[in-house]
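Participant: Turn this into a model:
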Amino acid sequence: MKPKYIHKKFVDRCKEAGIPRSSYPFNTDTLGYRSLCRYLENLRDIHFGKAASRFGHDAEQKAKNSGVGQQNYPQNITPYQKVEFDGHRIDGIFVIKVKTLEGDDAVLTLDRLWLLSFTDRATRNVIGRPHICLNKEYNASDVMIAAKKAIMPFKKKNLTIDGLSYQPTGGYPSEQFPEIEWAVWDVIYFDNAKSHLAQMVRERLSNLIGCTTCIGAVDRPMRRSFIERFHNTFTSSSIQRMANTTGSHPKDPRRKDPEKMAIRYEMTFEHLEEIVDVVISNYNGTPHGALFYNSPLEALDQRLKKGMKPRLLNESKRTEFLFTQVEQPRTIRGSISSGKRPYIEYMGVEYRNELLVKSAHLIGTKVNVHINVDDLRTIRVFLPDGSEFGELVAAGKWSLTPHTLQIRKAINLLKKNKLIHFTQWDDPIFVYHEYLIAKETEKKKGSGNRIAKVQQVIRQAVEESNSPNQNKLLAQEHKNLAELDKARELQEKILVQKTSTSTKRYKTITY
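Facilitator: This is a model prediction of the structure:
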């Protein structure tokens, strides 16, 4: 309430109280208005937190939870000792290019994407290449993919945008300092997002990386001030300066039909990946006020020369499979009476290898299965005594195209609802991809993101190297499928020839 309205009520109450005109406040020029304003200002200063609530939730939040008492965590100077993680929704619209079912080129808009990144508290460096999530909300698998990219050695992209380049002074820690490749952190600071609290995230961070998780208080972003500040800097210096920006709010004057601009200039998802890569690389090489105008990379260099080297991930754990791995108990199925050879079923798909199909004595045995939720083409099986049985490959065409657990669930749901259909000769992933393209013509919301997700998974599987055993298994399965396809085509050809011969004979005996 404004002071003038409070003053009006004050004057009315004085009249009701029967104060004579010759007494205060009626004997002053302003009827006590100035004195009332001074009293209200004093009251505001005494109750600082409540007064800040008049200026919005952010002001109230900062007033109540910061600047009071002693700082509850000491300043750390050791690199990678403490890192912060968070997701930020990118303030821009981007597109993807696809081929329609008719063979025409089409440009589809994507819903706003997520940027998942790690920041080192001691040096302000952004650790590793951030992960761009195409899902409506990022999940536990996305968090671990971001962690994998932060830990694995960085490799520069081949830039396709004219004029875009990496600054010589910029880069990423693992790129500039080879001695800290595969460096890991001791403590990671999260907020209370559901994906951060997932069992998979907690288990992988503890057992694989060997770090402690610190979950911040609800609605307290100032507890992770470094990552919040970085996202603000990243957005204001890059995405919000582009024609396809959505701005910081719906009425932002920089927001000028971002969907139309993204389509006009063909600002693709691949372009976004390059922009993010370069902007953050240059950020790490830019002088920072909190570091006495040293860049984050320069600060890291000085700390390393003083012997403050971070812990490195054990060599036995440096496989991409482990970052997105979950463990589940499974029973080996099969039946001698029906001739069904041993197999393990997971998410509606059978898994086998040459050893398992010859191990009928294991039917009914409960085993522990390690599953890479980022690529379900193979699974790893461990017997009850803890010994590794080996890797199993998905049966049929499920082993052809890389796909995640999320994609597998989506395909199974569509098949259950009879929205898609595929035989043993069809690749389920391509059937799903064609279904999404067909739905996009109906302007179904989110189809563009799902199409881009399928393409991203396939592209990443090509770029990333699998284990030698997995490559051997997949190559053998692909060879078997190719031979089956040839046999099927030959059988169809023979059938067509027989049908043609029968028709000719029929025609020769009719008049």
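Participant: Packing partners of whichever strand or helix holds residue 278?
Facilitator: Residue 278 belongs to helix 269-284 when assigned by DSSP states H and E. Packing contacts for helix 269-284, counted by 3 or more Cβ pairs under 8 Å, 6 or more residues apart in numbering; DSSP states H and E, involve strand 131-133, helix 225-237, helix 296-305. Every C-beta, even on glycine, is put in place using the N, C-alpha and C of the backbone.
Participant: for the ones you listed, which one sits closest to residue 404?
Facilitator: Residue 404 sits nearest to strand 131-133 of all those, at 11.9 Å, using Cβ to Cβ.
Participant: Walk me through which strands that closest one pairs with, and which way each runs.
Facilitator: Applying DSSP bridges, strand 131-133 is found paired with strand 114-120 (antiparallel).
Participant: burial measure for residue 143, as a count.
Facilitator: Residue 143 has 26 neighbours, counted by other Cβ atoms under 10 Å.
Participant: go on, residue 249?
Facilitator: 8.
Participant: how close does it sit to residue 55?
Facilitator: Separation of residue 249 from residue 55 (Cβ to Cβ, to the nearest Å): 16 Å.
Participant: sorry, back to before: of the helices and strands packed on helix 269-284, which is nearest residue 277?
Facilitator: Nearest to residue 277 among the helices and strands packed on helix 269-284 is strand 131-133; the distance by Cβ to Cβ comes to 10.0 Å.
Participant: which residues touch the closest one?
Facilitator: For strand 131-133, the surrounding residues in contact (Cβ atoms under 8 Å, 6 or more residues apart in numbering) are 87, 90, 113-117, 142, 145-146, 149, 269, 272-273, 276.
Participant: could you redo the last one with a cut-off of 7 Å?
Facilitator: 113-116, 142, 145-146, 149, 272-273, 276 (Cβ atoms under 7 Å, 6 or more residues apart in numbering).
Participant: Rebuild the residues you listed as a markdown table, extending it with distance to residue 128 and pLDDT.
Facilitator: Shown next, in a markdown table, are those (distance: Cβ to Cβ, whole Å; pLDDT from 0 to 100):
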| residue | distance to residue 128 | pLDDT |
| --- | --- | --- |
| 113 | 18 | 94 |
| 114 | 16 | 95 |
| 115 | 13 | 96 |
| 116 | 11 | 96 |
| 142 | 14 | 94 |
| 145 | 11 | 93 |
| 146 | 8 | 94 |
| 149 | 5 | 93 |
| 272 | 17 | 94 |
| 273 | 14 | 94 |
| 276 | 12 | 96 |
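Participant: now, among the residues you listed, which is nearest to residue 194?
Facilitator: Distances from residue 194 to the contacts of strand 131-133, taken by Cβ to Cβ, are shortest for residue 142, at 11.9 Å.
Participant: from memory that closest one sits against residue 115, does it?
Facilitator: No - look at residue 142 against residue 115 with Cβ atoms under 7 Å: they stay out of range, at 10.9 Å.
Participant: By neighbours, which of the contacts of strand 131-133 wins?
Facilitator: Within these, most neighbours by other Cβ under 10 Å means residue 146, with 26 neighbours.
Participant: Verify the contact between it and residue 119 for me.
Facilitator: No - contact criterion Cβ under 7 Å: residue 146 and residue 119 do not qualify, at 11.9 Å.
Participant: Just give me the neighbour total for residue 121.
Facilitator: If we define neighbours as other Cβ under 10 Å, then residue 121 has 24 of them.
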